[in-house]
Every structure is written in C-alpha cells, then in structure tokens.
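Enquirer: From the sequence below, what's the structure:
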Amino acid sequence: MNLELFIARRIHFDKDGDKKVTSPTVKVAMAGIALGLAVMILSIAIIVGFKKQIREKVIGFGAHIQITNFDNNASFEYLPIAVNDTLMEQLRSLPGIRHVETFATKPGILKTDEDFQGIVLKGIDADYDWTFFRENLQEGDVFSLDPEKNSTDAIISRTLADMLGLKVGDRFHSYFVQDNVRARSFSITGIYDTGFLDYDKLFVLVDIRQVRRLNGWDSDQVSGIELQINDYERLDEIAENVYFEMAEQQDRDGNNFYTRSAKELNPAIFGWLEVLDINVVVILLLMILVSGFTMISGLLVLILERTNMIGILKAMGQDNRSIRKIFLYVSSFIIGKGMLWGNVIGLVICFLQAQFGLIPLDPATYYLDAVPIDLSLGALLLLNIGTLAATLLMLLGPSYLITKIEPAKTIRFE
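Expert: Down below sits the predicted model:
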C-alpha cells in the first residue's frame with residue numbers, strides 16, 4: 001500500500017476536517033491553473049490556426065513551389081519558359097509532389113463605365129486545381145476549358161466586384177499596355193472571396209490561351225509551373241530537391257529554370273508568421289509561471305496548516321522525503337482539478353469560436369474575417385503533460401520547507 005498516497009487522499013478529499021484556511025487557498029490555486037491552461041490552449045489554437053489559414057491563402061494563389069525563367073524580374077511580367085509533356089511527367093514523378101500545373105500572367109487594367117482597377121490576369125490551363133477557389137467561391141461557379149475553343153470566362157474576387165459594381169454574368173473590359181494598347185472582354189462566371197485583400201483585389205483567373213495571345217507566346221510557353229506538395233512540413237526539403245533536379249536543365253530556347261518555394265516568393269508574410277511563434281513561447285512561459293507561483297503559495301499554506309501533522313509523522317519515523325511526497329501528491333490533485341477545468345474552458349471557447357466565429361477580425365489588417373482556431377489532439381496532450389510536469393517541478397523547491405520542521409517544537413503546535 002502507498003502510505004503517502006493514502007494520507008494525501010485523506011488530506012485532500014476529507015470533507016470533515018477543518019478547511020477554513022485550506023479551502024480558499026485550494027480554490028485560488030485551482031483557478032490559477034485553470035486560467036493559465038485555458039489561455040495556453042487558446043494561444044496555441046489561435047496562432048496555429050492563424051498561421052495555417054494565412055499560409056493556405058498564400059499557397060492557394062501561388063502553390064507550394066514555383067518554377068519560372070531564371071532571368072525574371074520582380075514583376076508579374078514574366079519571361080516565358082517552354083514546357084513539354086516530358087518535363088511535366090518528370091516533375092509529377094518527384095517524391096512528395098501531389099499536383100503539377102502551368103500558369104501565365106499579364107498585368108493590366110480592368111475598366112467599367114464608372115471606375116477602373118489595376119489587375120493581374122492569371123491564365124490557367126485544363127490541369128488547374130480549383131480546390132482553393134471552390135472553397136472560397138461565393139457566387140457562380142468556376143469555368144471549364146474547351147481544348148478546341150478559347151474561353152472568355154473569368155473568375156474575379158468579391159473585392160473587385162464590389163469596387164467596380166460587377167456581378168456574375170456581367171462582362172468587363174480589360175486593357176493591356178504594350179507597344180500599343182490591347183483590349184480583351186471577359187464574362188464573369190464566379191466570384192470568390194478569400195479575405196486576403198492584397199491578392200483578392202489583384203488576381204483575375206482566365207483561360208491561359210488568352211494570356212498567351214496577349215504576350216505573343218507559342219502554345220507551349222508559360223510564365224511558370226506550379227507544384228503542390230503532400231506535406232507542408234517537408235516544403236524546404238522538397239523545394240531543394242526540385243531545385244537541384246531543374247538546375248542543370250534548359251528549355252528549348254536555352255532558358256534556365258528558377259525554382260522557389262512559397263517562403264522564398266513571400267518572405268515578408270512568412271517571416272511575419274515565424275515571429276508569431278515567439279509570441280506563443282512568451283505566453284506559454286508567462287502562464288506556466290503564473291500557474292506555478294499560484295501553486296507554490298497554495299503548497300506553503302498547506303504545509304503551514306499541517307505543521308502539527310508533519311511533526312507527528314516525523315515522530316512516528318516518517319522521513320522528510322516521504323512527507324514531501326504526501327504534499328506533492330496533494331498538489332497534484334489540485335493541479336489535476338485545475339487542469340480539468342482549464343481544458344473544459346479552453347476547449348469550449350475554441351469550439352464556439354470555430355463553429356460560430358464569435359470574435360471577428362478586420363480582413364484589411366489580419367487577412368481573416370474571424371479569429372481562426374486549429375488545435376490538434378497531439379498539441380493538447382503535450383500542453384497538458386508539459387504544464388503538469390513544469391508545475392510539479394516548481395513545487396520541489398518549496399517542499400523542502402518540510403525538512404526545517406522539528407517534531408519537538410511542532411508536535412505541540414495548534
């Protein structure tokens with residue numbers, strides 16, 4: 001029989017003893033643990049959700065990995081590369097690659113009778129993965145491409161539609177400045193809204209053949225190739241493999257290929273997301289310290305209240321280590337109850353926010369319309385285990401107060 005555990009249970013669960021001092025102290029300690037854990041759960045869920053959604057939006061507009069002409073500048077006016085079926089199959093066969101597609105871009109101006117806006121036509125082919133835009137489609141539908149006929153269909157954003165007074169079924173004119181001004185007319189089949197305003201107000205999706213005609217390119221020339229991967233955590237590794245795979249190759253015109261990951265294409269955004277990890281670490285450390293110091297105060301009160309009992313146990317032959325274990329067991333009961341309530345509070349708030357979006361955000365500032373939530377079971381378990389371990393470790397030092405208690409003096413203490 002575990003004597004220390006038995007005594008700890010009697011101390012903590014006995015309802016008949018005098019708990020005028022202990023009860024408020026225990027409640028305060030439990031509240032500190034519950035509040036700290038709830039805040040930590042929310043912090044991780046929000047930061048992970050925020051990073052994931054922003055990352056998915058950026059990748060949705062431009063893929064995980066992009067291959068372009070090595071001589072390109074920093075604009076959307078790309079120099080072309082020539083692709084063929086052999087190259088595409090080679091890329092599809094690389095480990096970790098889920099999908100491969102081509103694209104072509106052309107900056108221009110979208111104009112209506114009342115207003116105009118600078119845009120980028122993004123030409124896509126029949127192999128384009130519509131998953132991202134279908135998930136964010138608000139009206140209408142995506143368009144399909146007929147291999148025998150150039151399409152004039154287009155998908156625009158809610159931002160552009162509202163700015164220019166357009167709706168599904170409307171036609172709009174776009175103008176492109178080259179040696180002379182060229183115009184194209186498109187019909188809107190769908191309106192999307194990702195909340196990522198920097199890109200929403202920029203990209204209009206059209207048939208890639210329209211962009212080729214505007215640029216004067218051949219049927220095998222594109223602005224670049226987009227690669228989707230299976231596991232984002234392997235992005236750097238897979239991007240490096242693709243880079244070396246393409247480094248020694250050239251297209252039919254002798255152009256070199258330039259491979260970049262989404263992180264390299266959008267360093268400011270991904271750098272900003274990495275900084276958020278520091279915020280999480282700071283919050284976790286602060287909450288663990290708050291929980292730990294709350295429990296330390298509770299443990300000290302428990303020890304002082306049970307000074308008489310400690311003296312009796314020592315007089316009966318119990319050593320300091322055994323008595324310390326008793327009070328650490330009692331502390332673990334308090335921590336366990338606090339963590340239970342902390343999990344309940346944190347998970348309920350996460351559920352309500354995920355389902356109903358109770359806390360809104362300004363998309364112009366945060367690129368999202370509501371606080372995002374993403375919490376995995378693994379992260380939740382690690383957080384609970386880490387909190388329990390860290391808090392108990394912080395109690396080891398204060399528990400040494402028991403070694404200073406002398407039975408001859410304290411056995412008479414009331």
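
Enquirer: contacts and neighbour counts: CA atoms only from here.
Expert: Will do.

Enquirer: In the protein, what helix or strand scores lowest on average pLDDT?
Expert: Lowest mean confidence among the helices and strands of the chain (mean pLDDT, DSSP states H and E): helix 407-410, at a mean of 67.

Enquirer: Count the residues that sit near the closest residue to residue 294 other than its chain neighbours.
Expert: With sequence-adjacent residues excluded and distances taken as C-alpha to C-alpha, 6 or more residues apart in numbering, residue 294 is closest to residue 29, at 5.2 Å. For residue 29, the count of nearby residues is 27 (other C-alpha atoms under 10 Å).

Enquirer: Can you pull the phi/psi pair for residue 72?
Expert: Dihedral angles phi and psi of residue 72 (degrees, to the nearest 10) take the values phi -70, psi 150.

Enquirer: how far away is it from residue 104?
Expert: Distance from residue 72 to residue 104, counting by C-alpha to C-alpha, to the nearest Å: 13 Å.

Enquirer: The two - which one has more neighbours?
Expert: Counting neighbours by other C-alpha under 10 Å for residue 72 and for residue 104 shows that residue 104 has the greater number, 28 against 14.

Enquirer: Pretty sure the more buried one sits in a strand.
Expert: Yes - counting by DSSP: H, G, I helix; E, B strand; the rest coil, residue 104 is found in a strand.

Enquirer: where does the residue lying closest to it once chain neighbours are set aside land on pLDDT?
Expert: With sequence-adjacent residues excluded and distances taken as C-alpha to C-alpha, 6+ apart, residue 104 is closest to residue 223, at 4.4 Å. The per-residue pLDDT reported for residue 223 equals 95.

Enquirer: Does residue 223 touch residue 81 like I think?
Expert: Yes - counting by C-alpha atoms under 8 Å, residue 81 is a contact partner of residue 223 at 6.3 Å.

Enquirer: Between these two, which contacts overlap?
Expert: Counting by C-alpha atoms under 8 Å, 6 or more residues apart in numbering, the shared contacts of residue 223 and residue 81 are 68-69.

Enquirer: neighbour count winner among those two?
Expert: Legend: neighbour count by other C-alpha under 10 Å for residue 223 and residue 81, higher for residue 223 (28 against 24).

Enquirer: Quick check: the more buried one vs residue 208, distance?
Expert: Here residue 223 is placed at a distance of 10 Å from residue 208 (C-alpha to C-alpha).

Enquirer: which residues are in contact with both of those two?
Expert: Common neighbours of residue 223 and residue 208 (C-alpha under 8 Å, 6+ apart) are 103-104.
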